[in-house]
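Participant: What follows is a predicted protein model with its sequence.
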Amino acid sequence: MMISVVTPSFNMLDYLRLCAASVRDQSGPEFEHIVMDGGSTDGTAEWLHEQPQIQSVSGQDGGMYDAVNKGLLRARGDVAAYLNCDEQYLPGTLSFVEGFFRNHPETDVLFGSVLVVRPDGLLISYRKAYPPRAVYCLTDHLPVFSCA
């Protein structure tokens with residue numbers, strides 16, 4: 001099983017470095033990290049060029065969700081994830097995801113809990129994941145963080 005992680009980026013190089021490290025440090029499943037950069041002017045394109053483990057595209061896009069959709073179209077994985085550049089995975093995240101989907105093949109979507117931290121790493125809050133309810137999904141947006 002391969003997992004595709006798509007990250008949209010625009011002038012967020014300092015955060016992107018942390019995000020990419022959190023993906024790179026995952027162990028267990030095969031994965032690809034696709035970064036869709038919207039034409040950053042902060043050195044992001046140059047940094048991405050030096051990262052052979054990241055598939056990247058730099059250029060104009062129609063905004064964050066356009067970038068995510070373009071990245072998902074490039075994804076080759078059996079499972080697709082969306083991780084903003086100011087978000088990070090904890091160690092073992094992708095291994096857990098792979099195991100869950102292998103043991104629960106009837107599952108279409110998986111959510112997890114989230115730690116919200118300040119830029120200096122100080123914990124702000126913990127957001128527990130709850131199973132989505134159909135009525136909420138049909139009438140509103142999903143009440144979870146994209147990184148979850």
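Facilitator: Sure thing, it's come through.

Participant: Would you mind confirming that A80 makes contact with L73?
Facilitator: No. A80 lies out of contact with L73 (Cβ atoms under 8 Å); the separation is 10.3 Å. To be clear about C-beta, it is placed using only N, CA and C from the backbone, and glycine gets the same treatment.

Participant: F100 touches L110, doesn't it?
Facilitator: Yes. Here F100 reaches L110: they are 5.8 Å apart, a contact under Cβ under 8 Å.

Participant: before we move on, what SS does the residue lying farthest from the centre of the chain have?
Facilitator: Within the chain, the residue lying farthest from the chain centre (Cα atoms, centre = their mean) is V135, at 25.7 Å. V135 falls in the helix class when you classify it by DSSP: H, G, I helix; E, B strand; the rest coil.

Participant: Scan the helices and strands of this structure for the one with the lowest mean pLDDT.
Facilitator: helix 134-139 (a mean of 74; mean pLDDT, DSSP states H and E).

Participant: export it as PDB, just CAs?
Facilitator: Extracted C-alpha coordinates of helix 134-139, given in PDB (Å, rounded to 0.1, in the frame of the first residue of the first chain):
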ATOM      1  CA  ALA A 134     -23.700  11.700   8.000                       C
ATOM      2  CA  VAL A 135     -26.000  14.600   8.700                       C
ATOM      3  CA  TYR A 136     -23.100  16.900   9.400                       C
ATOM      4  CA  CYS A 137     -21.300  15.800   6.300                       C
ATOM      5  CA  LEU A 138     -24.300  16.400   4.200                       C
ATOM      6  CA  THR A 139     -25.200  19.800   5.600                       C
END
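
Participant: where's the residue farthest from the centre of the chain relative to A21, distance?
Facilitator: Look at V135 and A21: by Cβ to Cβ, to the nearest Å, they are 39 Å apart.
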